[in-house]
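Visitor: Show me how the following folds:
(one chain, ligands or ions: 1)
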Amino acid sequence: MSQKIAFITGGNRGLGFQTALDLKDAGVKVVIGSRNPAQGDQAVAKLRAAGVDADVLKFDITQPADYQAAYDYFNSRYGWLDILVNNAGIAGGTFPGTGPEHSASDVPLDLLHKVFETNFFAQVALTKALLPLLKKSSAGRIVNLSSILGSLTLHADPNSPIYNAKTFAYDASKTALNAFTVHLAWELRDTKIKVNSAHPGWVKTDMGGDQAPMELSEGGKTSAALATLPNDGPTGGYFHLGEPLPW
Ligand SMILES: NC(=O)c1ccc[n+]([C@@H]2O[C@H](COP(=O)([O-])OP(=O)(O)OC[C@H]3O[C@@H](n4cnc5c(N)ncnc54)[C@H](OP(=O)(O)O)[C@@H]3O)[C@@H](O)[C@H]2O)c1
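Guide: You can find the predicted model right below:
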């Protein structure tokens, strides 16, 4: 099997870093994006020490110039890209949270714009920039890091576990990202590219916080599995540990 090339945004810490670790035995060269070069170098050193074939690319998903730089990086070194894990994201507040930043009626509009810029518009823009390289892969995989909090079905159900977990800006940005998954998967349905949304679980990271029930060591599994789906695997889905979630 020839080596696959992967790009994981926000790979210097948290779930992006864990996903890179989890790809160790999958024959994947992992390039992590890190907006802080020193933190990126430290993360790559740890990944290499753990046996991952890893490199780092300085990358801020809110900087449009970085989309072209990422394209140029993968095009000049490899000529294609197999796996894009759209992992970088922001919460726009603390979890679990009840402050005005999480309220649908009180959310500061500049915060709403900022969260959507990072968690939605930038994901669409980066994917668009890298799609020509993913189309050159024999098995392209796009993983959009969504959240169960993006599920409108579960938010509207008084019996669901997230009914009272309303963090508006974040939740709505992940719902929009889910729409991107469905629409892009449909457009790419006759290609070798699979596009899926991942809910990693509520995981102990800087974003997930200490109350999260899932350890980081478990948190990369959904992204890693969707990044390495077999050719008969699903596309246009929304998954947590192999189980479908309602949109
Ligand atoms: N943790 C959970 O329970 C949970 C649950 C569901 C979904 N998710 C999703 O999983 C993804 C990763 O979450 P996490 O828990 O690992 O969060 P995290 O610990 O806060 O890490 C976020 C990562 O995203 C990067 N990032 C943020 N803004 C960026 C930007 N403008 N450009 C480039 N990188 C940027 C961060 O880089 P810096 O170090 O430079 O800040 C960091 O590497 C997110 O999309 C999140 O919404 C997490």
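Visitor: so residue 165 touches residue 98, yeah?
Guide: No - proximity of residue 165 to residue 98 does not meet the contact threshold set by C-beta atoms under 8 Å, at 10.0 Å. C-beta: built from backbone N, CA, C; applies to glycine.
Visitor: and the two? which has more neighbours close in?
Guide: Per other C-beta atoms under 10 Å, whichever of residue 165 and residue 98 has more neighbours is residue 165, with 19 against 13.
Visitor: Please name the bridge partners of residue 145.
Guide: Residues in a beta bridge with residue 145, per DSSP bridges, are residue 198.
Visitor: residues contacting it?
Guide: Counting by C-beta atoms under 8 Å, 6 or more residues apart in numbering, residue 145 touches 15, 85, 86, 87, 89, 177, 197, 198, 200, 223.
Visitor: how about the helices in this protein?
Guide: For the chain, the helices defined by DSSP state H cover 14-22, 37-49, 64-77, 109-116, 122-134, 152-155, 168-187, 216-219, 221-227.
Visitor: These: which one's closest to the ligand?
Guide: Of all those, it is helix 14-22 that lies closest to the ligand, at 2.4 Å by C-beta to the nearest ligand atom.
Visitor: on that earlier part again, select, out of the helices of the chain, the one closest to residue 57.
Guide: Closest approach to residue 57 among the helices of the chain (C-beta to C-beta): helix 64-77, 5.5 Å.
Visitor: buried set for that closest one?
Guide: 66, 67, 70, 71, 73, 74 (16 or more other C-beta atoms under 10 Å).
Visitor: Is it possible to get a markdown table of the helices of the chain that adds distance to the ligand?
Guide: Output for the helices of the chain, formatted as a markdown table (distance: least, C-beta to the nearest ligand atom, whole Å):
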| stretch | distance to the ligand |
| --- | --- |
| helix 14-22 | 2 |
| helix 37-49 | 6 |
| helix 64-77 | 8 |
| helix 109-116 | 10 |
| helix 122-134 | 7 |
| helix 152-155 | 13 |
| helix 168-187 | 7 |
| helix 216-219 | 7 |
| helix 221-227 | 8 |
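Visitor: Format those helices as CSV; extra columns: mean pLDDT.
Guide: Converted to CSV, the helices of the chain look like this (pLDDT from 0 to 100):
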stretch, mean pLDDT
helix 14-22, 98
helix 37-49, 98
helix 64-77, 98
helix 109-116, 96
helix 122-134, 98
helix 152-155, 98
helix 168-187, 98
helix 216-219, 98
helix 221-227, 98
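Visitor: what residue lies at the spatial centre of the protein?
Guide: Taking C-alpha atoms, centre = their mean, the centroid of the chain lies closest to residue 87, which sits 2.5 Å from it.
Visitor: any idea how far it lies from residue 163?
Guide: Separation of residue 87 from residue 163 (C-beta to C-beta, to the nearest Å): 27 Å.
Visitor: Likewise for residue 181?
Guide: Separation of residue 181 from residue 163 (C-beta to C-beta) stands at 23 Å.
Visitor: What of residue 22?
Guide: For residue 22, the distance to residue 163 (C-beta to C-beta) stands at 31 Å.
Visitor: okay, these two: which has more neighbours?
Guide: A side-by-side neighbour count of residue 22 and residue 163, using other C-beta under 10 Å, places residue 22 first with 24 against 12.
Visitor: which ones are touching the more buried one?
Guide: Under the criterion of C-beta under 8 Å, 6+ apart, the neighbours of residue 22 are 220, 221, 223, 224.
Visitor: same thing but at 6 Å, please
Guide: The contact partners of residue 22, by C-beta atoms under 6 Å, 6 or more residues apart in numbering, come to 220, 224.
Visitor: again, but for residue 26
Guide: Residue 26 is in contact with residue 228, counting by C-beta under 6 Å, 6+ apart.
Visitor: And the pLDDT at residue 96?
Guide: Note for residue 96: predicted pLDDT of 70.
Visitor: What count of nearby residues applies to it?
Guide: Other residues close to residue 96 by other C-beta under 10 Å number 14.
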